[in-house]
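**Q** Could you work out the structure for the sequence below:
(one chain, ligands or ions: 1)
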Amino acid sequence: TLEPGHLRGQGGVAEDDVRTACEPEALKRAFLDHLLYTQGKTLEIASHNDIYLAVAYTVRDRLLRRWSHTSSRHKRHGTRTVAYLSAEFLIGPSLGNNLLNLDITDALRETLARLGIDLDELVRREVEPGLGNGGLGRLAACFMDSLATGEIPAIGYGIYYEYGIFFQTVVDGWQVENTDKWLRFGNPWAIHHPEWGVEVKLGGYTEHYTDDVGRFRVRWVPEKTVWGTPFDTPVAGYKVSTVNTLRLWRAEATEEFDFSVFNRGDYLGAVNKKVTSENLTKVLYPNDESHQGKELRLEQQYFFVACALRDMLRILEHRGLPVTEFPRAFAVQLNDTHPAIGVAELMRLLIDEYLVPWEQAWEATRATFAYTNHTLLPEALERWPLELFKSVLPRHLEIIYEINRRFLNEARIRFFGDESRVFRLSLIDESGERYVRMAHLACVGSHAINGVAELHSTLIKEQLLPDFYAMWPEKFDSVTNGVTPRRWVVLSNPGLAALATEALGDEHWIRDWPRIAGLEKHADDAAFIERWQRVKHTNKRSLAALIRDETGVVVNPDSLFDVLVKRIHEYKRQHLAVLHIVTRYHRLKTQRATDMVPRTFIFGGKAAPGYVRAKLMIKLITAVADVVNSDPEVRDLLKVVFLPNFSVSKGQCIYPAAELSEQISLAGKEASGTGNMKFAMNGALTIGTMDGANIEICQEVGAENFFAFGMSADEAQRLLRSGYYPRDLYRDDAELRAAIDLIRGGFFSRGDAGLFEPLTNDLLNEDRYMLLADYASYVECQDRVDAAYRDARQWSRMAVLNCARSGRFSSDRSIAEYARRMWHTSALPDTGHGG
Ligand code: NBX
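**A** Now for the predicted structure:
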């Protein structure tokens, strides 16, 4: 065996290149060096994790020089940097992605194979950081990839949670949450920079005074301070030398923080305070789409935003620029309202610490921020009880009052005499208990506000923020979401990638996704279709293997793979899919419908731990699965699986294997969806409502290649207003009645009729998400899916067209739109090396 020492002084690798060269010999030496000098192991005694870490360090070294070149280039050119502020970045596993973007996958695979190491296994087994809940966090990660690939100077700012989204297991059909200790075996990708630490104040009170030159000043006397330090992860663009930064902050105790307590002899009290400070970034809140007014959550938000803005000021100073240059140096994007406190924090920094006059500070603040909204659900809108807000951020509340006073004066002039509108616009909700409305703060403090799909942006203007729209129509914009084809096609679906490259003649489509349109001319080519089908079948077999390993259920790779993966939520209507499955089962049992197309229904997704209904929906899916899968009469015609712990890694296996993508939210509720795009790119057909980006996908791929069903957003609202009586629908539709009766009669719960009652009673009495109104249309549409699937050739043709016409849904396009319309930034491409 080779010892690293044996390589020393041998020819081939110059000392300089040890950290950067990518020839097999250099990679081998770098890997063995890291194994010995970083991990302290030789190959004979190295564990899987030692090998993984040594490989990751080898790859990271190759990012670092480009990284430092990128930052010095950015400094030299002084171009505007995008600061993407997000409480979540769901980046997924890094190894495969970095190898792809550095273009060293094959070289490293070969090198390691000669040492008896399987690179693909290292990639497969990598632990992913689950630092996000779902679409919003994953969008931030796709955007980081597209920013780097587009060579736009950018820093992602967020939180280095010690525990990410919980790890989901399913026990007796119920979701069980386990902590996600993702850092247990180390994180080789991030570099800790304690030297860039910042102090963050929390709580306490303010003092107003006049300084020695007669200026009116405010001093914030905090109750406590915490210390924030950044962990930097390099984000490489695809085959470019730009490497941007994802900078996530961790909270620690400040050193000097409590000597007084300590000196009083209360050692445990002092240590306890330290523990409390470190709690700040301990855990990601697992609630998507529902706001919980928890103090720690507000502290998390303020903490990372305060760290980010201080960091930007440090960079500004480092570039020798005055604070008034802030908006020319940075474009700050607010990923939802979670970082909206940044508006008040930048004002505080400018007026209290840099003594900039209010008007000038306000102009700079507005020029800096832009706000992306991700939800219309009222229960998801962030509002903080005033007293809680005041106890955590007393100075910010004063600043918000002043922003509000000036803003409402402006509104009174604009809407003369309309006090009710002024009341609605206020940053403070005073209709009952008083709250700070974060969306209003984000709107007032930003120069641009956008929704994430066309319908969503329209509804923001018409329904969510109509008074703001009336005041500033020019601020409102729309940027349809996108996803990165690097991770979601090249990495996830290598078979499809190889086929595309061959059919298109080059790899340009990887950085220019609209070129995938070139596949369209192969849609009628029998040889191409056959290869396409082979790729899909291979992917289905891989997913079948994963399903078997994780659930023990054996599924038939020749059945139609019908997939619904996303967070579990009533508005996403997983239970509508269940009603359809039960209907199918009922038909099988009562009509001996043996000509049914064999289908495998695959579910995945996490429920917020406190969301009882959503957890019951998981129980319902697994209960139906248990009955259906063990009924010998059903055979291969119907299988239902719930794949636990849906994650980025699981997604990479699922999307490429899917044939039918379920996007069945009630129209008007899903802001955009991004899973829908991943499916389409991988050639799944969509069965979906006219909601979010489904509408745009349908437009692009053509209605004849899309299974649309259900009410439009308008129709749903009109029905609701005119009086919606779900029980009438139940009464009048025999199949629907049969499905609901089976569930509520206890058929899937061993006779326990009470188990699913909270769900079925709700459907019959209220049905907020109008499943019953869309049921018949959905089932009829599913019958059309069956008919279409029977013609395999025609189905594949439609699948190819879905992929070929998904050109709009790359996050590269989204980022180009933000850059041009909101950020006024452009690419800063590297011209050769040399720094
Ligand atoms: O953001 C999602 C929307 O539901 C999707 O329609 C959209 O495609 C996606 C990206 O724009 N929202 C989302 O994922 N929200 C959260 O995860 C969330 C997390 C924490 C929180 C509220 C919402 N407090």
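**Q** contacts and neighbour counts: CA atoms only from here.
**A** Noted.
**Q** how about the residues of the stretch 601-750 of the chain near the ligand?
**A** Taking CA under 6 Å from any ligand atom, the part of the stretch 601-750 of the chain that reaches the ligand is made up of 670-674.
**Q** Output those in a markdown table; the columns should cover distance to Ala107, neighbour count and secondary structure.
**A** Formatted as a markdown table, those follow (distance: CA to CA, whole Å; neighbours: other CA atoms under 10 Å; DSSP: H, G, I helix; E, B strand; the rest coil):
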| residue | distance to Ala107 | neighbour count | secondary structure |
| --- | --- | --- | --- |
| Glu670 | 43 | 26 | coil |
| Ala671 | 42 | 27 | coil |
| Ser672 | 39 | 28 | coil |
| Gly673 | 37 | 24 | coil |
| Thr674 | 33 | 23 | coil |
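**Q** Now tabulate those residues in a markdown table and tack on pLDDT.
**A** Shown next, in a markdown table, are these (pLDDT from 0 to 100):
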| residue | pLDDT |
| --- | --- |
| Glu670 | 98 |
| Ala671 | 98 |
| Ser672 | 98 |
| Gly673 | 98 |
| Thr674 | 99 |
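**Q** Among the residues you listed, which one sits closest to Leu546?
**A** Thr674 (23.0 Å; CA to CA).
**Q** how many neighbours does Ala500 have?
**A** 22 (other CA atoms under 10 Å).
**Q** next one: Arg718
**A** Neighbour tally, Arg718, other CA under 10 Å: 12.
**Q** So it versus Gln591, what's the distance?
**A** Using CA to CA, to the nearest Å, Arg718 is found at 37 Å from Gln591.
**Q** again with Asn705
**A** 30 Å.
**Q** got it, and His575?
**A** 23 Å.
**Q** quick one, which of the two is more surrounded?
**A** His575 (23 against 9).
**Q** Which SSE is immediately downstream of the helix or strand that contains that one?
**A** Assigned by DSSP states H and E, His575 belongs to helix 574-591. For helix 574-591, the following helix or strand on the C-terminal side (DSSP H and E) is strand 599-604.
**Q** Quick one: mean pLDDT for that following strand?
**A** Taken as a whole, strand 599-604 has an average pLDDT of 99.
**Q** Skip ahead from it and say which helix or strand is next.
**A** helix 612-629.
**Q** Identify all contacting residues around the helix or strand that that next one is followed by.
**A** Downstream of helix 612-629, the first helix or strand assigned by DSSP H and E is strand 638-642. Residues from elsewhere that reach strand 638-642 (CA atoms under 8 Å, 6 or more residues apart in numbering): 547, 551, 553, 555, 585, 598-604, 621-622, 624-625, 628-629.
**Q** List the pairing partners of strand 638-642 within its sheet, with orientation.
**A** Here strand 638-642 is paired, per DSSP bridges, with strand 599-604 (parallel).
**Q** Take the strand it pairs with, keep the C-alpha atoms, and write them as PDB.
**A** Extracted in PDB, the C-alpha atoms of strand 599-604 (Å, rounded to 0.1, in the frame of the first residue of the first chain):
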ATOM      1  CA  ARG A 599     -49.900   1.800 -10.300                       C
ATOM      2  CA  THR A 600     -47.500   2.500  -7.500                       C
ATOM      3  CA  PHE A 601     -48.500   5.500  -5.400                       C
ATOM      4  CA  ILE A 602     -45.400   6.900  -3.700                       C
ATOM      5  CA  PHE A 603     -45.800   9.500  -0.900                       C
ATOM      6  CA  GLY A 604     -43.200  11.300   1.100                       C
END
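**Q** Count residues in the vicinity of the residue in the stretch 451-600 of the chain that the ligand sits nearest to, would you?
**A** Closest contact between the stretch 451-600 of the chain and the ligand, by CA to the nearest ligand atom, is at Val452 (5.5 Å). Neighbour count for Val452, taken as other CA under 10 Å: 25.
**Q** cool, Asp558 as well?
**A** 13.
**Q** my hunch is that it is in a strand, does that hold up?
**A** No. Per DSSP: H, G, I helix; E, B strand; the rest coil, Asp558 lies outside any strand segment and is coil.
**Q** need the contact list for it.
**A** Contacts here follow CA under 8 Å, 6+ apart; on that basis Asp558 touches His537.
**Q** average pLDDT across the strand ranked longest in the chain?
**A** Longest among the strand segments of the chain by residue count, using DSSP state E, is strand 224-236. Averaged across strand 224-236, the pLDDT comes to 97.
**Q** what packs against it?
**A** Counting by 3 or more CA pairs under 8 Å, 6 or more residues apart in numbering; DSSP states H and E, the packing neighbours recorded for strand 224-236 are helix 48-77, helix 95-102, helix 135-149, strand 191-192, strand 198-202, strand 243-253, helix 295-318.
**Q** would a markdown table of these with mean pLDDT, mean neighbour count and distance to Ala344 be doable?
**A** As requested, these are arranged in a markdown table below (pLDDT from 0 to 100; neighbours: other CA atoms under 10 Å; distance: least, CA to CA, whole Å):
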| stretch | mean pLDDT | mean neighbour count | distance to Ala344 |
| --- | --- | --- | --- |
| helix 48-77 | 95 | 19 | 27 |
| helix 95-102 | 98 | 22 | 37 |
| helix 135-149 | 98 | 25 | 23 |
| strand 191-192 | 98 | 15 | 28 |
| strand 198-202 | 98 | 20 | 14 |
| strand 243-253 | 97 | 26 | 20 |
| helix 295-318 | 98 | 20 | 10 |
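**Q** can you tell which of the ones you listed is closest to the ligand?
**A** helix 135-149 (3.7 Å).
**Q** who touches that closest one?
**A** By CA under 8 Å, 6+ apart, helix 135-149 touches 84, 86-91, 131-132, 153-154, 156, 235-240, 242-244, 246, 335, 374, 481-484, 511, 673-675, 811-812, 815.
**Q** ok now stretch 703-714, how far from the chain's centre?
**A** Stretch 703-714 sits 25 Å away from the centroid of its parent chain (CA atoms, centre = their mean, to the nearest Å).
**Q** So which bits of stretch 454-464 are buried?
**A** 454-461, 464 (16 or more other CA atoms under 10 Å).
**Q** average model confidence for that stretch?
**A** 98.
**Q** For the stretch 451-600 of the chain, what lies in contact range of the ligand?
**A** Near the ligand, when you scan the stretch 451-600 of the chain using CA under 6 Å from any ligand atom, you find Val452.
**Q** quick revisit: which single one of the residues of the stretch 601-750 of the chain next to the ligand is nearest to Ala442?
**A** Ala671 (18.0 Å).
**Q** isn't the closest one right up against Leu376?
**A** Yes. Counting by CA atoms under 8 Å, Ala671 touches Leu376, with 7.0 Å between them.
**Q** What is the helix holding His575 packed up against?
**A** Helix 574-591 packs on helix 612-629, helix 734-744, helix 771-790, going by 3+ CA pairs under 8 Å, 6+ apart.
**Q** What lies in contact with it?
**A** So helix 574-591 is contacted by 564, 568, 593-594, 617, 620-621, 624, 628, 633-634, 638, 664, 735-736, 738-740, 771, 775, 778-779 (CA under 8 Å, 6+ apart).
**Q** and those, which are buried?
**A** Counted by 16+ other CA under 10 Å, the contacts of helix 574-591 give 564, 568, 617, 620-621, 624, 628, 634, 638, 664, 735-736, 738-740, 771, 775, 778-779 as buried.
**Q** Excluding covalently adjacent residues, which one is nearest to Glu207?
**A** What sits nearest to Glu207 in space, not counting adjacent residues and going by CA to CA, 6 or more residues apart in numbering, is Arg219, at 5.0 Å.
**Q** Now do the contacts for Ile428.
**A** Counting by CA under 8 Å, 6+ apart, the residues that Ile428 touches are 434-437.
**Q** Need the helices and strands packed on strand 224-236 in TSV (columns: distance to the ligand).
**A** TSV is the format used below for the helices and strands packed on strand 224-236 (distance: least, CA to the nearest ligand atom, whole Å):
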stretch	distance to the ligand
helix 48-77	28
helix 95-102	21
helix 135-149	4
strand 191-192	26
strand 198-202	21
strand 243-253	17
helix 295-318	9
